[in-house]
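J.: fold the stuff below for me.
(chains A, B and C)
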Amino acid sequence: MQVSKAFLKILKSKFPSAVIYIVLFFLVGMMMTRTEATESAWEKTQLKLVVEDLDDTAESRALAEILGKGNKVIPPLASEDDLTDALYYTTVDYAVTIPAGFAERLAAGETDGLLETRHIHESYATANMKMLIDKFVTTYGAYMELTGSSQKSATQAVRTLSDETNVVMLQKEESTKSSSDLLLIFFRYMPYILLCVILNMLCPALIVMSKKDIRFRTDCSGIRPSSYTMQIFTSSALYVGAIWLIFVIAGSALNGVMYTGKLWLVVLNSLVFSLFSGVLALFIAEFAPSETVVNLMTQLCALGMCFLCGVFVDQALLGSGVLGVAQFLPAYWYVRVIRMVNGDIPFNAGEAALAIGIQAGFVVVLILLSVLVRRAHYSSAPRKRMA
Amino acid sequence: MFLHNFKYELKMVLRQREFIMWLMLFPIALGTLFKVAFGSIYSNNDMFKSIPVAVVNAQEGTVLNEIFRSLGEGEDAALAITYADEEWAKELLFDGKVSGIIVVDNDVSLQVAGKGIKQSILEEIVSRCNMYQEVIGQAMITGDETELRKVIAELGKEVNACRDVSPAADNPDVYVQYFYNLIAMVAICGSLTGLHVATSSQANQSELGARKNCSPTPKFKHLSAAFLGSCVAQGVSMILCVTFLKFVLQINFGGNLFLLYAAAVLSGCLGVALGFFGGSIGRLKYEIKSAILLSCSMVMCFLSGLMVGNIKGFLAERMPWVNRINPVAIISDSFYCLNMYSDYRRFFTKVLGMVIYITAFIVFGALFSRRKKYASL
Amino acid sequence: MKPTVVKIDNLVKRYGELVALDHFSLEIKEGEIFGLLGPNGSGKTTTINCLLSLLSYDKGDIEVFGKEMTPVSYDTKSQIGVIMQNVAVIDELTVRENIDYFCGLYVLDKAKRKECVDEAIKFVGLEEFENFRPKKLSGGLLRRLNIACGIAHKPKLIILDEPTVAVDPQSRNRILEGIQELNRNGATVIYTSHYMEEVEQICTRIAIMDKGRKVAEGTKDELKSMIRNTESITIEILELPEDVRAKIASQPHVYETEYDGNKLTVRCSGGRHNLIRILGVLQEAELGFGRVYSELPTLNDVFLEITGKALRDSKE
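T.: Numbering: from 1, shown residues only, chains lettered A, B, ... in the order given. Okay, here's the model as predicted:
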């Protein structure tokens, strides 16, 4: 067990570099899960609006009231630049300025360009707001024809537009929505952190053990190669298992959810992906790269896989071409299971098992490749130096 | 002697395999990945397109039918309407082929299977239909046919109440900020080069440092030549990165191209300066320092939105000071300002921020490095 | 009287509780090859680092070429060449580029520098490997490159800190010959090592260090004359009765005998024909013996007698 002991000691010495990633992930996990909401009864999408009323008449106040129904009205921002930034990053969806003279122009029927509006994106939110504003103006105009009084028209418009619309939320017979959405969000982002932590720690440790001089010294000893390899594999598996367990326990603790029913599938899914990360580390280590190259490979694999496979950007938003390529990466299948359990796509036990099986397949393939590369390295003569 | 040192420092940096990989190949690979992943997300998902909807029980010749027809007509139609019976409509809804079902009865109602902006727009449209019914109903009560016609005409009038005074962004695509952050990441990864500058000049950090300290060349000359050489090398990699993104991947950064390159090169210097500062403090081994620098760089990149795009907006609301002090956020903001603002006031504010950081890192790094003798080597 | 090149006076250096240099003093004259000999941890490298103003020290004065040595003594530094204990070369540059770079820190004139670099490459015998990168060189060649980087600018004072560690015999001989040639060309050399054979071979004057102190100083003959031992006789013998041993011990000039079961070591102080007398005793006792050899005292014996321990572990 000497090899195991030494290997685990080396792993321990590499731990500090992984701590930052782990701490970051937990912080982000706590932050992100607080911003997500769970589905329940119908609720209109709340847009964030900046409404500036420079007219301050009954009519402008009526419009402001309508705009505020079901939306979040934010007070005007400190500067135009701040507003531009907020519109770009969609912390504000739309900005409306009701200029002075609004009521007079409205009463006179001069509706073109009545309000100053600001937006960056020609998005659904923008279209929604345009429709709402035009609806108010149209309703007011109609009541003006009926009543002839501007204030009465405005009041009537507010009353009419405040009527609740009958919206029914239909659900399929079998609800596929999990009650633990926050936990699933936590698991959704796990591939990045698993890859970073495992690759960053396991690779350098494996490289140390595979250094030429150390390898030669080990080969000269009485230990069998199979025993040596087994000890390395076991220690690696132990480490990967420990990391995985930390995250699984943390996920449950941070979100206050116990694992039941389909969530165990998610746990199994994460275990298989952790194994994949461990085997990927083994594979990369066979090429004995320097520490900097390991860092590079870690970021490339982690970021690349996570962007392509729907970890950072939802699979529903990615193009079919991208998803076609992503299917050749295990993270795609990992995310697919998460989406199934989350109810984003119809749940099918067989498909979920297949997705996990495909990830396991990647594990097996990488192990075989690692063995092949190792054999190729060990069978070649060491590079000769000038004497 | 300065030129001699500069020449060799440049050679050293450009021949380092890690430099080539991290600062030249990595951004190309990641940039291509981003292009593939995000290339058409904005236009396909974020920009408004006709919302697919099923309409049930619509009757020909009614006002409501006219409304639906007008909403579903033309290139910029708000709706893509499928007229269906109840069963088929539900099938379309659960298959995700329509976002909602508008049911025409005494009242107009909406059936949805989820919550979202598309469903909210459909609710808006349904509310409009109900408003029409309400107003027309009230007009009919008066018994005045002329008034009724006027009301109907008023309801049918095209309204354009919004006068758009939005800032003219060259490229409003919100996903382009991933590319800003990619350039910023390449810049901040130049800290590894800066780290090498620091450690190779300190006797207690490397053998090379000890040898240099024994030479008659003042440390200031060593350091400045090495720093400048690294900045030049880093500047080259920044130019390559921007060129690849702009001209090969055809990313629209907007703004002034010269200023874009200038900001990129300056940000590269910031990365080198950060590494120099980090390498000058403490006695940790080179490997540990580089791991710390790299980890901190990734944290800063994350907080700037490299991985989760809307985090900057999230921080701007709750902790705006983070965006103001995060060097990566400052770098990516400079590119953002070039795109969003036609005057360069904010851009130069960001540039000033970078210059302040560079100066501070160099000054403090030099202060820590200038110790002539060491307690131990 | 030759001028003093290096003067170290009462140097004290502490690392926390540990006293690395304990009131250490030294004076090196121009033209000497001065050897600093001592076991691992005796303070040789610390002395060199203090001398070069790389390390701070708690007490004492250091002068080089008559001037106080400080980190900003650039004029003085331009006349010093340093060969560090660990190889300090740049992996990304070729052999020639490395030497050119370090020479360039001392010699500004390009033409002169080229000449110096060519000579340095020839001097260390790396002509065939000019365009090789350090990673492609063996340990011995790497050490030669390390030396070339330190002497290319033709310094007046050359400091070599254990330059032959892990070096093949061919390279080692070359290095030692090279040092002697540099000395013949006018350089003063400070050579630190824990290999007494090297120090005995090339050094004109030697200081022996132990635990941060100078325990002895002088030429090798002066050092050897400090000790009692003038001859060590070793005889392989399987059986040695006590009375025979006692008889040997009572022989003239014999001051110590040691028997470990199969080897008898007899130490003599002065006298002639000691070997013949001792063999005569064994013959008289009709005792058979194997190999016999007689050695003159080495620096190791000097160190052993002064400190009570060997310069290097017996395993070395």
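
J.: what ranges do the helices span in the stretch 101-250 of chain B?
T.: B:117-142, B:145-156, B:176-188, B:191-199, B:207-214, B:219-243 (DSSP state H, counting those that start in this stretch).

J.: just send these back as TSV, with mean pLDDT, distance to chain C and mean neighbour count too.
T.: Using the backbone N, CA and C atoms, a C-beta is placed for each residue, glycine as well. Conversion of those to TSV gives the following (pLDDT from 0 to 100; distance: least, C-beta to the nearest C-beta, whole Å; neighbours: other C-beta atoms under 10 Å in any protein chain shown):
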stretch	mean pLDDT	distance to chain C	mean neighbour count
helix B:117-142	88	55	20
helix B:145-156	85	77	16
helix B:176-188	92	21	27
helix B:191-199	89	10	27
helix B:207-214	85	4	22
helix B:219-243	91	8	21
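
J.: looking at the ones you listed, which is closest to C:Arg144?
T.: Taking C-beta to C-beta as the measure, the helices of the stretch 101-250 of chain B were each checked against C:Arg144, and helix B:207-214 came out nearest at 15.7 Å.

J.: just checking, what packs against the closest one?
T.: Under the contact criterion of 3 or more C-beta pairs under 8 Å, 6 or more residues apart in numbering or on different chains; DSSP states H and E, the helices and strands touching helix B:207-214 comprise helix B:219-243, strand C:80-83.

J.: need those in JSON lines (columns: distance to chain A).
T.: Listed next are these as JSON lines, based on distance: least, C-beta to the nearest C-beta, whole Å:
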{"stretch": "helix B:219-243", "distance to chain A": "14"}
{"stretch": "strand C:80-83", "distance to chain A": "21"}
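
J.: okay if I get these as CSV plus distance to A:Thr139?
T.: Rendered in CSV, the data for the helices and strands packed on helix B:207-214 read as follows (distance: least, C-beta to C-beta, whole Å):
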stretch, distance to A:Thr139
helix B:219-243, 51
strand C:80-83, 90
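
J.: on the three-state scheme, A:Thr97 is what?
T.: Following DSSP: H, G, I helix; E, B strand; the rest coil, we place A:Thr97 in the strand state.

J.: what count of nearby residues applies to the closest residue to it other than its chain neighbours?
T.: Once its chain neighbours are removed from consideration, A:Thr97 has its nearest residue in A:Glu116; the separation is 4.1 Å (C-beta to C-beta, 6 or more residues apart in numbering or on different chains). Summarising burial for A:Glu116: neighbours were counted as other C-beta atoms under 10 Å in any protein chain shown, giving 17.

J.: so which of the helices of the stretch 101-250 of chain B gets nearest A:Val248?
T.: With C-beta to C-beta as the criterion, A:Val248 lies closest to helix B:176-188 of those, at 30.1 Å.

J.: contacts for that closest one, please.
T.: Helix B:176-188 is contacted from outside by B:23, B:26-27, B:30-31, B:34, B:38, B:234, B:237-238, B:241-242, B:245, B:251-253, B:264, B:267-268, B:270-271, B:274, B:297, B:300-301, B:304-306, B:309, B:312, B:327-329, B:331-332, B:335-336, B:339, using C-beta atoms under 8 Å, 6 or more residues apart in numbering or on different chains.

J.: which ones are touching A:Gly319?
T.: Remark: with contacts taken as C-beta under 8 Å, 6+ apart, A:Gly319 is in contact with B:Gly39, B:Ser40, B:Ile41, B:Asn44.

J.: for the second one, the count of nearby residues, please.
T.: Residue neighbour count, defined by other C-beta under 10 Å, stands at 17 for B:Ser40.

J.: once you drop chain neighbours, what's closest to it?
T.: A:Gly319 (5.9 Å).

J.: now do the last one
T.: Spatial nearest neighbour of B:Asn44, chain neighbours left out: A:Gly319 (7.2 Å); criterion: C-beta to C-beta, 6+ apart.

J.: pull up the gap between the one you found and C:Tyr293, please.
T.: Distance of A:Gly319 to C:Tyr293, given as C-beta to C-beta, to the nearest Å: 87 Å.

J.: likewise A:Ser13?
T.: Distance, A:Ser13 to C:Tyr293, by C-beta to C-beta: 50 Å.

J.: what does the stretch 1-150 of chain C put close to chain B?
T.: Within reach of chain B by C-beta under 8 Å from any C-beta of the partner chain, the stretch 1-150 of chain C has these residues: C:15, C:49, C:52-56, C:70-72, C:74-75, C:77-78, C:80, C:82, C:84, C:86-90, C:92-93, C:97, C:101-102, C:104-106, C:108, C:149-150.

J.: closest point of chain B to chain A, which residue?
T.: Using C-beta to the nearest C-beta, the single residue of chain B nearest to chain A is B:Gly313, 3.0 Å away.

J.: what sits against that residue?
T.: Under the criterion of C-beta under 8 Å, 6+ apart, the contact list for B:Gly313 reads A:Asp85, A:Ala86, A:Tyr89, A:Thr90, A:Thr91.

J.: related to what we said a few turns ago, which among the contacts of A:Gly319 gets closest to chain C?
T.: If you rank those by distance to chain C using C-beta to the nearest C-beta, B:Gly39 comes first, at 37.9 Å.

J.: so what are the domain limits for the chain?
T.: The chain I'm using is chain A. Partitioning chain A according to automatic domain parsing yields domains covering residues A:2-37+A:178-379, A:48-161.

J.: my bad, chain B
T.: Taking automatic domain parsing as the domain assignment, the record places the domains of chain B at B:9-39+B:175-369, B:49-156.

J.: is the shortest one up against chain A anywhere?
T.: Going back to what we said before, that points to domain B:49-156. Yes: in this structure, domain B:49-156 sits against chain A according to C-beta under 8 Å from any C-beta; the contacting residues are B:51, B:78, B:90, B:93-94, B:107-121, B:123-128, B:130-131, B:134-135, B:138-139, B:142, B:147, B:150-151, B:154-155.
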